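> Build me a structure from this.
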Amino acid sequence: MAARPHLAEREEEARAVGGMSVADGSRAAILDAAAACFMAKGYAASSIDDVARSLGSTKGRIYHHYPSKGDLFADVFRAGMEMNYAAIEPVRDVAGLAVERWRRMATVHTRQMIVTRPYQRVVWEGVELYLRGATTPEQREEFARLMQYRNDYGAIFRQVIVAAREAGDMRFDDPRVTEQLMFVSLNSPLFWYTPRPGESEHDIEVIVAQVVDFTARGLGVSA
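Alright, predicted model coming up:
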């Protein structure tokens, strides 16, 4: 079994597969470093100094792209969602049964939670900050746009599970409640997954399949 690529390589792969095009390599490096810092310490405890130290550069390099920590955090949030949107794009409109389309989308999404975990943790924290009102008025306006971007992503999945229910392949009640419960399950690797020495891509696929199968049962999909 081939060894699992280094985290940075997997994030670069996800960025390419997910379609995140960052022409400015300096900005891409800043986003990667910031995502890792925010995941490790949280938004409140992280600073531009932390990101600069992680990069081995000066704060000026970061301020050239981002006037504040809040702007940097928002761009990491946006980048994480862009990766997710583009990652599901090849499978979201595939012809066939809606339940099979959902399974493909769920598999891609769950893998994103692992291979772009620092970015996805920032998305999760951004949602928490927004819902708690822990943002400035200026940040709140930007976060409202990001939340809508995230909600639109969820709506893509909701449309598919509703179609699968109408076809008799899923069983659930309120689609909006079900969507939230579904993402609790699919997003769960954000909170318990830890890379293991020697872990292979096959090992990742097994984890993803287990999460998706568990979620499918919750949606009433028969084996």
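
> secondary structure class for the nearest residue in space to residue 222 that is not next to it in sequence?
Excluding the flanking residues, the one nearest residue 222 by CB to CB, 6 or more residues apart in numbering is residue 169, at 7.9 Å. Using the backbone N, CA and C atoms, a C-beta is placed for each residue, glycine as well. Under DSSP: H, G, I helix; E, B strand; the rest coil, residue 169 falls in the coil class.

> list the contacts for residue 169?
For residue 169, the contact set (CB atoms under 8 Å, 6 or more residues apart in numbering) comprises 97-99, 221-222.

> Export these as CSV, with columns for distance to residue 119, pLDDT and neighbour count.
Output for the contacts of residue 169, formatted as CSV (distance: CB to CB, whole Å; pLDDT from 0 to 100; neighbours: other CB atoms under 10 Å):
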residue, distance to residue 119, pLDDT, neighbour count
97, 31, 97, 13
98, 28, 97, 18
99, 28, 97, 21
221, 29, 95, 18
222, 34, 78, 9
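
> Let me know the closest of these to residue 151.
Residue 151 lies nearest to residue 98 out of the contacts of residue 169, by CB to CB, at 20.5 Å.

> Distance-wise, check the closest residue to residue 66 other than its chain neighbours relative to residue 146.
In this structure, residue 66 finds its nearest non-sequential neighbour in residue 72, 4.2 Å apart by CB to CB, 6+ apart. From residue 72 across to residue 146, the span is 13 Å (CB to CB, to the nearest Å).

> hang on, the earlier thing: return the subset of the contacts of residue 169 lying in strands.
Assigned to strands by DSSP state E, none of these qualify.

> Adding distance to residue 107, write these out as CSV.
Formatted as CSV, these follow (distance: CB to CB, whole Å):
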residue, distance to residue 107
97, 15
98, 15
99, 13
221, 13
222, 18
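
> was I right about residue 150 contacting residue 124?
No: Residue 150 is not in contact with residue 124 according to CB atoms under 8 Å; the separation is 10.0 Å.

> For the residue nearest to residue 66, give me its contacts.
Counting by CB under 8 Å, 6+ apart, residue 72 has contacts 30, 34, 48, 51, 62, 65-66.

> all strands for the chain, in order.
Counting by DSSP E, the chain contains no strands.

> where along it do the helices fall?
For the chain, the helices defined by DSSP state H occupy 7-17, 25-41, 48-55, 59-63, 69-92, 98-115, 117-132, 137-166, 175-186, 189-192, 201-218.

> Quick one: list the elements packing against the third one.
With contacts defined as 3 or more CB pairs under 8 Å, 6 or more residues apart in numbering; DSSP states H and E, the secondary structure elements packing on helix 48-55 are helix 25-41, helix 59-63, helix 69-92.
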